[in-house]
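**Student:** 3D, please:
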Amino acid sequence: MAFGMTFGSLRSTVLFSPDSGSAGTEPATSEPIPDRHGRIVFTCSKGLPGVGFSRAEWNEIREMKSGTVERKVTEDFLPGGPRERTIDYEAPFDRCDREQDYATVWKEFESR
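**Tutor:** Numbering: from 1, shown residues only. The predicted structure follows:
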């Protein structure tokens with residue numbers, strides 16, 4: 001607002017993917033999907049290989065409303081070689097409606 005930006009320009013700048021083929025016209029649908037604690041459960045982002053469950057696994061757990069699922073991962077980026085650890089993901093797995101959140105906050109800032 002201080003820069004003369006409208007909600008429409010914020011929306012098209014922040015909520016749409018610049019690499020979607022035609023910037024500003026297609027929503028960013030490849031956002032990671034977090035669990036209740038913000039850990040990435042699933043993403044189709046090519047920049048995050050090996051993060052979260054595979055699509056087949058994701059399709060099996062995506063409708064969970066409660067409970068946990070675990071995933072064993074092998075990490076090999078620290079000295080001492082690879083190590084295995086278990087990540088517990090807690091349902092529900094849901095993305096926030098960022099557009100609605102931004103609209104709510106924008107309206108509040110306009111009223112100040």
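**Student:** Please report phi then psi for the residue nearest to residue 64 when sequence neighbours are not counted.
**Tutor:** Ranked by CB to CB, 6 or more residues apart in numbering and with sequence neighbours excluded, the top spatial neighbour of residue 64 is residue 91, at 3.8 Å. Yep, even glycine has a C-beta here, placed from its N, CA and C like the rest. Main-chain torsions, residue 91, degrees, to the nearest 10: phi -70, psi 160.
**Student:** Look at residue 91 and report its pLDDT.
**Tutor:** The model reports residue 91 with a pLDDT of 96.
**Student:** residues touching it, list them.
**Tutor:** 35-36, 61, 64-69 (CB atoms under 8 Å, 6 or more residues apart in numbering).
**Student:** try residue 40
**Tutor:** Going by CB under 8 Å, 6+ apart, residue 40 touches 32-34, 48, 51-52.
**Student:** that's a helix at residue 9, yeah?
**Tutor:** Yes: assessed with DSSP: H, G, I helix; E, B strand; the rest coil, residue 9 lies in a helix.
**Student:** State the three-state secondary structure for the residue of the chain most remote from its centre.
**Tutor:** The centre of the chain is farthest from one residue, residue 80, which by CA atoms, centre = their mean lies 31.3 Å away. Classification of residue 80 using three-state DSSP returns coil.
**Student:** Can you give me the distance of it to residue 11?
**Tutor:** From residue 80 across to residue 11, the span is 47 Å (CB to CB, to the nearest Å).
**Student:** Compute the first-to-last residue distance for stretch 40-50.
**Tutor:** From its first residue to its last, stretch 40-50 covers 11 Å (CA to CA, to the nearest Å).
**Student:** And that stretch, what's buried?
**Tutor:** The neighbour-count check on stretch 40-50 (16 or more other CB atoms under 10 Å) flags 40-43 as buried.
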